[in-house]
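Peer 1: Using only what follows, build the 3D model:
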Amino acid sequence: MRICERHHLRFYRRTCVPVTLLTGDIDFRLVNVHDFPWGAHPMQEFLDQYRQRFASGTRAWIGMDDDRVAFSSWVEEHRLYIDELHSTWKLAPPDAVVYDVVTMPEYRGRGIYPDALRRLCGRLAEEGLRHLWIYAEEKNESSLRGIAKADFEYHGSIRSSAMFGVKRRRGNISGVNL
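Peer 2: Reported below is the predicted structural model:
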């Protein structure tokens with residue numbers, strides 16, 4: 001535990017609607033433990049954590065460029081522990097949240113991040129999900145730009161701090177009980 005930490009998370013939501021998209025260079029897949037690209041994923045140091053996520057029912061949204069991972073994220077439909085807030089978010093069904101979203105460095109600047117989010121919304125709509133949520137640190141400008149390009153709507157923010165184990169939160173998110 002760090003002595004002092006501060007976060008300012010901004011929360012966004014998009015309505016999930018089926019979409020028709022042209023085929024692109026990146027092949028996006030919603031995968032479970034059996035379909036995950038274990039050997040090809042560039043963040044090998046997190047594989048144990050990924051196995052735990054799969055064991056709890058979480059799925060991954062992966063973008064592949066042939067046999068290389070270009071994009072990686074996680075999708076939760078029930079509850080998500082948000083480390084920065086030291087809190088569990090119980091999602092209202094049929095909503096989902098995408099988190100730990102990463103475009104691999106060699107693929108950045110190509111519009112993959114917003115494309116992946118739009119495609120995920122369409123894929124989840126096919127499963128009957130209503131909304132897709134995402135959050136990002138206020139200082140993470142590249143993520144915030146990608147979220148805006150993917151047509152997510154801002155729903156509020158929460159500031160959190162922890163000092164010597166004492167935790168504080170303030171803020172409000174429309175449509176969320178955190």
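Peer 1: Quick one: residues contacting the nearest residue to Pro93 once chain neighbours are set aside.
Peer 2: Excluding the flanking residues, the one nearest Pro93 by Cβ to Cβ, 6 or more residues apart in numbering is Glu77, at 7.4 Å. No exception for glycine: its C-beta is placed from N, CA and C like everyone else's. Listed by Cβ atoms under 8 Å, 6 or more residues apart in numbering, the contact set of Glu77 reads Gly57, Leu91, Pro93, Pro94, Asp95, Ala96, Leu129.
Peer 1: got a winner among the residues you listed for most neighbours?
Peer 2: Using other Cβ atoms under 10 Å as the neighbour test, the contacts of Glu77 are led by Ala96, with 23 neighbours.
Peer 1: if I look at the nearest residue to it once chain neighbours are set aside, how far off is Ser56?
Peer 2: Closest residue to Ala96 apart from its sequence neighbours, by Cβ to Cβ, 6+ apart: Glu77 at 4.6 Å. According to Cβ to Cβ, to the nearest Å, Glu77 and Ser56 sit 11 Å apart.
Peer 1: With Phe152 instead?
Peer 2: 25 Å.
Peer 1: With Thr88 instead?
Peer 2: Distance from Thr88 to Ser56, by Cβ to Cβ: 12 Å.
Peer 1: Sweet, I'm off.
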